Every structure is written in C-alpha cells, then in structure tokens.
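Undergrad: pasting the sequence and the predicted model now:
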Amino acid sequence: MSEEKMSAEPSTEPEQGTQSPNLEDCLKLLKGERDEQRLAGLLLVTKFCKAEDHSSLRRVYDAVGPRFLYRLLRTGMGSGFNENRDAYLSLSITVLAAFCRVPDIASSEDMILNIPLVLEVISTQSGSSVLQECYEFLYLVSAASGNGITRFCESEGIKILASQMSALQDGSHVMELSFKILQLILGRMSFEIIQNNDLSDISVIVAAIARQFAVLHNSLKFEALHLLNAILTSKDSTQLRDALRLHPQDSWSTNIRTGIIAVLQNRVAPAERLQALILAESMVSMHGEDWLVSQVNTNDARDPASADMCLLLVLEQSRVEIAVLLNELAYLKYEAPQDTSATAEAIFTKKHNVAVAYSLVEKIIKLISNVEENDGNLLDEGTLTKLILQLNETIGVVLEYLEDAKEHGQKKGDDLLASVRIIGSYLAEAPLACKEKVHDLLGYMLSIEGEDEQRPFYSVCFLLPMLSQITMKIEGCKALASCKGLEAVLDCFNKLVGSNAFLEDNGCIFLACDTIVNLLLKKDKVHMMLDESAIVRLLKALAYWSDSTDEMSSMMMASSICALVFEYTSEEALLNRPDFNYSTLRTLYLLIARCLTSSEQVTKEDMDLSEIVSSGFSRWAHRYPRIRETVKT
C-alpha cells in the first residue's frame, strides 16, 4: 500500500449558509478524487452518522475504502513536523472504531492489518485523547474473529496492555475495554501459550486487575473478580503463580483480600459470593493459611479491617455454600431425572464447587491447629470460639449428607470421599465433636470408595488421625470393633506398608499402628477376636515393613504389634497354614530379638512399646520355641 502523506488540512465546520449535510452529500465527498474532499466527507460522517446505523456505516466504508483509511492512519502516526498530524490521527482512529461497529468490517483482513499500528499508537500516545477509540477498535476487531486475537497477541498486545493498565484511571471505560480484551484472549487461546510468552506481563496485569477488584464498587468489580479467577484457577497457571509469589504481597495480594471482604460482607448475588470463595481458595493455596488472617487496610485509614475479618467471612460463606450445594447435590443424585446431560452437568459443577468450599474449610482447620500449637498468638479466644461453632455446624451438615447417601445405598463417589476427608480433618482436632452421629456412621464412612478405587483405602486414611485418638478410650474401641472397623484398618495398613510411595512418609502408617495397638491392648474389654487369615496378613505386612526400614521407632512399633498378635496363636498353628512360612516367621523373630536386646537405644516415646514387647515375650515365648534361639544368637 502507498504511504503517501495527506496534504489537505481537515476542516471541522461545514461552509456557512449551506444546509445540514446528509449521507448522500458525504458519499459524494468520499468518492471525490482529492484527499481534501474525502477528509471533509469523513469529518461530516463523524458529526451525524450514528454508531448503531450499520447500514450507513457500511456505505460510507465502501465509499472511502480501506486504502485511504490506512494512509490516513499512517499520516497521523508520521514522524517529523506536521501541524495537522494530531488531527489526522484523531480522525483516523475515530472513524476506524466507528466502522468496526459493523461486524463484517471488523472481521476483515484490512482491519486486522491495522492492529499493530493501533497498538503502536497506544504505546506512543498513552496520554492522547484517542486512547479510548484505540481500545474500542482493538476490542471490536478482536471480538469479530479469532484472527484478530491472534494478530493482537503476535503484535505484543499483551505486553502493551500490561504497560498501560497500571496507569489507567480506576474504573474508566478504557479499563473496562482492556478487561474485555483480556476475556477474549483467555477464551480463545491456551493459557499455557500465553504465560510461556508473556509471563512477566501477565503478572503485572494480575496486579492491575487486583487493584480494580479492591477499589471499585460497580459491575466492573465483578468483571475483575471473574478475570482473576479465570487466570489464577487455570490448570496451566503454575508458572504464573510462582512469578506472582515474587511480587510484593502488600500490594496485589492485599488488594485481592480487600476485594473478597467487600464481596462477602455486602449484598451481592450468590454466584459472585461463590466466585469470591474460589479466588480465596486460590490465594490460600498460593500463600498458605496465614493469608486469611493478615491485616487489611480499607479505604478509610481510620478503620482498617480486623485481621480475622477475611477468615470469618470466608468460613461463614463456605458453611453456607456447603449447606446449599450438598442439599442440591442430594436432590440431583436421588430425586432428579437421571441419565440426562443437564443433570450430569449440574452434578459435575456442584461437586466442583463443593470441593472448593471443602478445601477452604480444611485449610481453616489446619490454621486453627497451627494456632493451638503456637500458643494461640495468631487468633484471640473469641475468634476461635466463633470458628469452632461454625465448623461444628458445617461438619454436622456434611454428616447429614453422608447419612442420606447411606440410606440410598451409595458408597462410591469422589464427593462422598471428600466428605469423609473434611470430617477426618476436623475430628483429628476435635475427636469428640458430633460423637454420637460419627459413631453411628463410622462403619459406613470406612466403606466409602473414590471413583477410581476398587476397595476402600483413602477413606480409612482420612479417618486414621481420629481413630488413633478415640481408640485410646474403651468407648472408641467398642465403636470401631462393633462396625468391624479393625478389618478396614488392617487392610489399609497392609496397603500402606506394601507401597514404597507410603513408606517414604510414615505418618499414616504410625496412625494405623496406634489404632491397631490400642484395639489389641483392650481386646478383652471389647470382646474382639482376630480370625487366622487376618492374623496371617498382618504378620506378613509387619515382616515386609521391618525388612524395609532401619528406623528404630518403626521397628519398635512393628515388634509391639507382632508381640500383641502372637497372643492369638502359636508357632505350630502358623506354620501349619499353607499361606505362611518359616521365612516370614524368622523375620519377625529377628525383629523382636533386636528390640528386646536394644533397650538402651529406645527413646522415651518408645518406652511403652518396649514394655509391650518384653511383657508379651514373657507370656507367649513358650509357644514359639525357635524365638529363644534367635534372641540368644
């Protein structure tokens, strides 16, 4: 295309004494041979041609043609002295934005080719009066076709957007247009590709959006909320989250917390409150539970939000969401028409939203646990009381959901497994909470399987912290024994010690062992018996575990369980079983012998276990004649 310069000076007024121009007059001028005629025609168009009049805009565009518009834009962008250059630039951007109100013009290749030029105008004329029209043009062209978005990104549009957004006026129309452009980009391009090419720019944009989320009190606040969620909850956002952690938290992260508080403490639509929870969950995942209890400065410096306000609001809204969503889920699963795509989609969405609320509640439980371990310096007693009351209510609702599922014969589902997990998390800190209902549902909870499980495992793991505590009392042992919970714990233990993945983290293994020891020690009072097949499987697992560790505390725990199990049987009975052999028995003899002869290495914490081994040996050693030889050698 020719880039010849415009020579005519644009006039802004029609000649004196003439009638008001009409469309036909404009078209005659636009089809003229001289530039000054076309310029005069364009000026007239801007006076009376309405943006919604697509038919007239189409006729005008066809009359003037893309070549002339391109030359006009280049002339307005030209370097050097030109007293009319600013007027040319303003006129060209204004008419381009107006023409792009017509979708088929906006999607044309001629308009797409102008995207790099308009981006250059934005980057070099940041304070110009044409900035709004520039953003309107970019949005309209990008919205009209996927090629527009592609050209925008290829022309470093994201970088230019990032450089501009922090300087834009809060809540301005230009800011709103920049939000719309970002929404188009996120909707049409892979976030992984975006962040790979523009990671630092995206982090700057997130900070700018976070400010709008904090300071605005109109519909754009919710646009900011949705954008933040679209970016931060993307499955490919790991790199971005790492980059954002390097930003000063007292800026963007504080702004997000301020915005979340504003949404949760005001009357807004339930959907927006849920979005605020989703954003809170992302922030806690990035920065840890303490993020919920940091000081928040409000717009009024005399009235900063209390440090626990965000925490209390998030827990309260999570409680509400859990109650509503579980009720809706129960209806969809047990009463609504099944095998329809609408029902399946609704169930999927509500399960996802429940998972978000569950995650926040679990993180708050963890926060409370950390507070108690650190002498409560983070939260005062009044706040802790409020939190515990809300948590008790929430756990009661979750237990009712499981009770409903039990009545409908449902044992399999990730939503059920997640419900067991949140109950287990809370009962690990408050084992006596909802005691009667927990004991009634204990056997059912231990039988729950995730979607991809063939046998219950994770449900047992989630409940082990609570089980190890309640079985310290006779009442808890009776509750577990009455629902055949020991078998579930033994199955879980066998799987834990049979997998290298779990052997690297002894936490669950020791909790299972504590539970087994507690039950075996009280077997007479709870009238519990172990069948021979369970004994054999447990002894094999103990032998495998002892062969896989040199840690004294692990060996002491394994040998104490072995010593308690040997009470139930004898060497002869074990060796007569086809599924047991002397090699396994010898491994266990060596384990017990080592623990008996290593009393000087036993720590204070393991003294009780050492006593179990030695006292057990004195009672049943006569039934295991070969163990004495092992101990001697």
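TA: Structure's in. What do you need? Numbering: from 1, shown residues only.

Undergrad: which residues does residue 485 contact?
TA: Residues near residue 485 by C-beta atoms under 8 Å, 6 or more residues apart in numbering: 442, 443, 446, 467, 479. In this view, the C-beta of every residue, glycine as well, is placed from N, C-alpha and C.

Undergrad: so what's the first one closest to, chain neighbours aside?
TA: Closest residue to residue 442 in three dimensions, ignoring its sequence neighbours and counting by C-beta to C-beta, 6 or more residues apart in numbering: residue 483, at 5.2 Å.

Undergrad: and the one you found, what is it in contact with?
TA: Counting by C-beta under 8 Å, 6+ apart, residue 483 touches 442, 443, 446.

Undergrad: so residue 325: helix, strand or coil?
TA: helix (DSSP: H, G, I helix; E, B strand; the rest coil).

Undergrad: so how many other residues sit close to it?
TA: Neighbour count for residue 325, taken as other C-beta atoms under 10 Å: 24.

Undergrad: what's the answer for residue 265, then?
TA: Close neighbours of residue 265, defined as other C-beta under 10 Å, add up to 15.

Undergrad: and for residue 380?
TA: By other C-beta under 10 Å, neighbour count at residue 380 equals 13.

Undergrad: so it versus residue 307, what's the distance?
TA: 10 Å (C-beta to C-beta, to the nearest Å).

Undergrad: now do the strands in the stretch 101-250 of the chain.
TA: For the stretch 101-250 of the chain, applying DSSP state E, counting those that start in this stretch gives no strands.

Undergrad: and the helices in it, which stretches?
TA: Taking DSSP state H, counting those that start in this stretch as the test, the helices found in the stretch 101-250 of the chain are 103-106, 109-113, 115-124, 131-144, 146-154, 157-165, 173-188, 191-215, 219-232, 238-244.

Undergrad: what pLDDT is listed against residue 248?
TA: Note for residue 248: predicted pLDDT of 63.

Undergrad: residue 633 and residue 586, how far apart?
TA: 12 Å.

Undergrad: so these two - more neighbours on which side?
TA: The residue with more neighbours, out of residue 633 and residue 586, is residue 586; 14 against 7, by other C-beta under 10 Å.

Undergrad: buried sites along the helix or strand where that one lies?
TA: Applying DSSP states H and E as the criterion places residue 586 in helix 582-596. Neighbour counts over helix 582-596 (16 or more other C-beta atoms under 10 Å) mark 584, 585, 587, 588, 589, 590, 591, 592, 593, 594, 595, 596 as buried.

Undergrad: quick check: chain neighbours aside, which residue is closest to the second one?
TA: Going back to what we said before, that points to residue 585. Spatial nearest neighbour of residue 585, chain neighbours left out: residue 574 (6.2 Å); criterion: C-beta to C-beta, 6+ apart.

Undergrad: related to what we said a few turns ago, of the contacts of residue 485, which belong to helices?
TA: Per DSSP state H, helices hold the following members of these: 442, 443, 446, 467, 479.

Undergrad: tell me the two of those that are most distant?
TA: 443 and 467 (12.1 Å; C-beta to C-beta).

Undergrad: who has more neighbours, those two?
TA: Taking other C-beta under 10 Å, residue 443 and residue 467 do not tie; residue 467 has more neighbours (31 against 16).

Undergrad: what pairs with residue 449 across the strands?
TA: Counting by DSSP bridges, residue 449 is bridged to residue 412.

Undergrad: so it touches residue 411, yeah?
TA: Yes - using C-beta atoms under 8 Å, residue 449 is in contact with residue 411, at 6.2 Å.

Undergrad: okay, the two: which has more neighbours?
TA: Using other C-beta under 10 Å as the criterion, residue 449 and residue 411 rank with residue 449 on top: 18 against 15.

Undergrad: could you check the pLDDT of the more buried one?
TA: At residue 449, the model reports a pLDDT of 95.

Undergrad: that one and residue 40, how far apart?
TA: 78 Å.

Undergrad: same deal with residue 474?
TA: From residue 474 to residue 40 the distance is 99 Å (C-beta to C-beta).

Undergrad: who are the contact partners of residue 631?
TA: Taking C-beta under 8 Å, 6+ apart as the contact definition, residue 631 lies against 589, 592, 593, 596, 597.

Undergrad: from the contact counts, what lies against the host helix or strand of residue 539?
TA: In this structure, residue 539 sits in helix 532-547 according to DSSP H and E. Applying 3 or more C-beta pairs under 8 Å, 6 or more residues apart in numbering; DSSP states H and E, we find helix 532-547 packed against helix 485-497, helix 552-565, helix 571-575, helix 582-596.

Undergrad: how about the shortest one: buried residues?
TA: Applying a neighbour-count criterion of 16+ other C-beta under 10 Å, the buried positions in helix 571-575 are 571, 574.

Undergrad: send the alpha carbons of that helix over as PDB?
TA: The C-alpha coordinates for helix 571-575 follow below in PDB (Å, rounded to 0.1, in the frame of the first residue of the first chain):
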ATOM      1  CA  GLU A 571       4.300 -71.100  66.100                       C
ATOM      2  CA  GLU A 572       2.800 -74.500  65.300                       C
ATOM      3  CA  ALA A 573      -0.500 -73.100  64.200                       C
ATOM      4  CA  LEU A 574       1.200 -70.500  61.900                       C
ATOM      5  CA  LEU A 575       3.500 -73.000  60.200                       C
END
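
Undergrad: residues contacting that helix, please?
TA: 532, 536, 539, 580, 581, 582, 585, 623, 624, 625, 626, 627.

Undergrad: what subset of the residues you listed is buried?
TA: 536, 539, 580, 585, 624, 627.

Undergrad: counting residues, name the longest helix you see in the chain.
TA: Longest helix in the chain, counting residues (DSSP H): helix 341-373.

Undergrad: that one: how far from the chain's middle?
TA: Per C-alpha atoms, centre = their mean, to the nearest Å, the displacement of helix 341-373 from the mean C-alpha position of its chain is 10 Å.

Undergrad: got a list of what residue 107 touches?
TA: Taking C-beta under 8 Å, 6+ apart, one finds 141, 144, 145, 147, 148 in contact with residue 107.

Undergrad: ok, 10 Å please
TA: Contacts for residue 107 (C-beta atoms under 10 Å, 6 or more residues apart in numbering) come out as 100, 140, 141, 143, 144, 145, 146, 147, 148.

Undergrad: whichever of these end up buried, select them in PyMOL.
TA: Buried subset of those, written as a PyMOL selection, criterion 16+ other C-beta under 10 Å:
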select buried, resi 100+140+141+143+144+145+148
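
Undergrad: output the contacts of residue 107 as JSON lines; include the columns distance to residue 199.
TA: Formatted as JSON lines, the contacts of residue 107 follow (distance: C-beta to C-beta, whole Å):
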{"residue": "100", "distance to residue 199": "30"}
{"residue": "140", "distance to residue 199": "28"}
{"residue": "141", "distance to residue 199": "25"}
{"residue": "143", "distance to residue 199": "25"}
{"residue": "144", "distance to residue 199": "28"}
{"residue": "145", "distance to residue 199": "26"}
{"residue": "146", "distance to residue 199": "23"}
{"residue": "147", "distance to residue 199": "24"}
{"residue": "148", "distance to residue 199": "23"}
